Structure formats: structure tokens, C-alpha cells
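> Next comes the sequence, and after it the predicted model I'd like to discuss.
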Amino acid sequence: MTDSLPPRSRIVRDRLADAGIDARIVVLPASARTAALAAEAIGCPVGAIANSLVLVADGEPILVMTSGAHRVDFDVLAQQLGADAVAMAPPAVVREATGQVIGGVAPVGHPAPLPTYIDDDLRAFDEVWTAGGTPETVMPLTFAQLVEVTGGRLVRVA
């Protein structure tokens, strides 16, 4: 029942509905703060987990949706973005920029849209799983829906 969704997940669901996407947000029995935990709970390949990383590129927060199969190489990403420096955002910046906590950042539902970059490796999966606004919620989207709803630019991150 969607009324049992956490408030942050309801915001995500509503933003997706506004974009014409009927999202199925799943509440997991335990936190899925890592790609491996999420993949195990869902029963999908770890590469199909779209990790939502809030990073800081030249001092500005950005969202990078990356495959759970690998780690972001900040130098490679900085080159792709034309940035001098890219680093992990501190928890306070993540919360301020998204309204969500680390481990639960959805691709949408933020106070204001963030510049979004999507790992080209996610293209290999028809369905990708993202956080649903909390560390205990996940949702499937097609790769095309992820790109469309975020307005994300495809990049190489490794």
C-alpha cells in the first residue's frame, strides 16, 4: 500500500508520477545502503543497482548515478565534466541538496533539480534499481526512464 511509504518516498513517487512514470517503490525489510546489500535484497545483478552519489564538482553539488559494479574514478569523472576537482559531498551537503540521506538518495524528489550525470555502463541493463528516498526503499526504472526523468547526461565514471 503506497500510504505506508515513508514521507520522502512519497515525494519521490509523486515527482515520478508528475513525469508520467508509475513507480513501484519497494520497502525492504532492512537497509540497503550499499549496492551489494541492495542487489542481494532485490535479487538482481550488482551492476543493475544505480547508486546515487552526491558529489561536489568545483564546489557545486551534482548527482551521479553510477553502476554498483564499480567505483567512481574522480579524475576520470572530472575530465568528463570539465571540472578542476570532484569529491564526495559531506553528509550535510547531501541532505541540504536532496532532502534525503546518504544511502537513500533517489534520482528525483529533491528541493531543486541537481545537475545529473549517468554512468554509461547502466545502459547494459533494461531495468535499473535506484534508492527510493530512504535507505530502506528501492524502485525499478528502465534506463530510458532514468535518463528522461533526471535529464541526465551520460558519462564514463571509471
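It's in.
> Beta-bridge partners for the spatially most central residue of the chain, please?
The centroid of the chain falls nearest to residue 52 when counting by Cα atoms, centre = their mean (2.9 Å). Beta-bridge pairing of residue 52 under DSSP bridges involves residue 65.
> Show me which helix runs longest in the protein.
Looking across the chain with DSSP state H, the single longest helix is helix 7-18.
> Tell me the buried residues in that helix?
Applying a neighbour-count criterion of 16 or more other Cβ atoms under 10 Å, the buried positions in helix 7-18 are 8, 9, 10, 11, 12, 13, 15, 16. (Glycine included, C-beta is placed from N, CA and C.)
> For that helix, which outside residues touch it?
Here helix 7-18 makes contact (Cβ atoms under 8 Å, 6 or more residues apart in numbering) with 2, 5, 22-23, 25, 27, 99-100, 104, 106, 108-109, 132-134, 137, 139, 149.
> helices and strands of the protein: which one has the lowest mean pLDDT?
Taking mean pLDDT, DSSP states H and E as the measure, helix 35-42 is the helix or strand of the chain with the lowest mean score, a mean of 87.
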